[in-house]
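**Student:** have a look at this fold, sequence not included:
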């Protein structure tokens, strides 16, 4: 029997009639992971949360190298509030861009908190998610809800957004 070239490729490189490239895509989709973002001013942090062994990486570097050290505890707040037990089975990788280092730290902490809540809702159970969410909201609402304030643009006829040039009548 004559086969087309496509059928020959599928039959030699596949399992159950699924081509190899599609198998890889299916395998990637089958891992339990969520992706959440946090924002502060112009800083945006995206957190990928999946099952693992408790790693937290920010822009590819271990959390211990996050600078400045004084802000590190601000980023650690979700972990300190929820306890090490909730994070020990999760790997969190965060990418952050824009803003200054303080705004980035606030965006990172929000992304981490939101990703843990979303992961528990999707893959654990609703009761655990509600407990985590209530704990985080009781401490600081900014851990789950973004601050909508932005810098007001400067207008003409003045030095800043609202300040006007002084006028003297002498």
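**Tutor:** Structure's in. What do you need? Nothing here was measured: the structure is a model prediction, and the numbers come from that model. Residues are numbered from 1 along each chain as shown.

**Student:** run a quick neighbour tally on residue 95.
**Tutor:** Neighbours of residue 95 under the rule other Cβ atoms under 10 Å: 16. Where you see a C-beta, it was placed from the backbone N, CA and C, and this is true even at glycine.

**Student:** for the spatially most central residue of the chain, give me its contacts.
**Tutor:** Note on the chain: the residue nearest the mean C-alpha position is residue 47, at 2.3 Å, using Cα atoms, centre = their mean. Residue 47 is in contact with 35-38, 92-94, 108, 111-112, 114-115, counting by Cβ atoms under 8 Å, 6 or more residues apart in numbering.

**Student:** lowest-pLDDT helix or strand in this protein?
**Tutor:** helix 5-12 (a mean of 51; mean pLDDT, DSSP states H and E).

**Student:** where does the prediction get shaky in this protein?
**Tutor:** When residues are selected by pLDDT under 70, those of the chain lie in 1-30.

**Student:** ok, longest helix in it?
**Tutor:** Under DSSP state H, the helix in the chain containing the largest number of residues is helix 101-119.

**Student:** buried residues in it, which are they?
**Tutor:** Buried positions in helix 101-119, judged by neighbour count with 16 or more other Cβ atoms under 10 Å: 103-119.

**Student:** same question for stretch 59-75.
**Tutor:** Buried residues in stretch 59-75 (16+ other Cβ under 10 Å): 63, 66, 71, 75.

**Student:** against residue 105, how distant is the first one?
**Tutor:** If you measure residue 63 against residue 105 using Cβ to Cβ, to the nearest Å, the figure is 12 Å.
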